[in-house]
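> Provided below are the primary sequence and the corresponding predicted coordinates.
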Amino acid sequence: MSQNVYLQAVSLGLGTVTIGAFYDEDVKKVVGLPDNEQPLYLMPVGKP
């Protein structure tokens, strides 16, 4: 799935990066994930 995000970002002239080190519980709160789901990594997308 992340490969598709990278490919789509490039085709739109955008940049992305994979982030694997973050505070899991803080991300869960911000995104609103339920207790039985865990974030694996983040992929911000934007103009380079």
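Here it is on my side, so go on. Residues are numbered from 1 along each chain as shown.
> does residue 37 count as helix, strand or coil?
Following DSSP: H, G, I helix; E, B strand; the rest coil, the label given to residue 37 is coil.
> Nearest residue to it in space, please, no chain neighbours.
Nearest residue to residue 37, sequence neighbours excluded (C-beta to C-beta, 6 or more residues apart in numbering): residue 28, at 7.7 Å. C-beta: built from backbone N, CA, C; applies to glycine.
> Let's verify the one you found: helix, strand, or coil?
helix.
> got a list of what it touches?
37, 38, 39 (C-beta atoms under 8 Å, 6 or more residues apart in numbering).
> Name only those of those that count as buried.
Neighbour counting with 16 or more other C-beta atoms under 10 Å marks residue 39 as buried within the contacts of residue 28.
> got TSV for the contacts of residue 28, with distance to residue 23 and pLDDT too?
Shown next, in TSV, are the contacts of residue 28 (distance: C-beta to C-beta, whole Å; pLDDT from 0 to 100):
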residue	distance to residue 23	pLDDT
37	16	95
38	12	94
39	10	94
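> Closest to residue 13 out of the contacts of residue 28?
residue 39 (26.9 Å; C-beta to C-beta).
> I'd assumed residue 26 was in contact with the closest one.
No. Under the criterion of C-beta atoms under 8 Å, residue 39 is not in contact with residue 26, lying 9.6 Å apart.
> pLDDT weak spots in this structure?
Nowhere does the chain drop to pLDDT under 70.
> That one: helices as residue ranges?
For the chain, the helices defined by DSSP state H occupy 2-11, 24-31.
> separation between residue 5 and residue 23?
22 Å (C-beta to C-beta, to the nearest Å).
> With neighbour numbers in mind, choose between those two.
Regarding residue 5 and residue 23, a neighbour count based on other C-beta atoms under 10 Å identifies residue 5 as having more, with 14 against 10.
> Find the nearest non-adjacent residue to the more buried one, please.
Nearest to residue 5 is residue 43, by C-beta to C-beta, 6+ apart, at 5.4 Å.
> before we move on, what about residue 48?
Residue 48 sits nearest to residue 15 (C-beta to C-beta, 6+ apart), 3.7 Å away.
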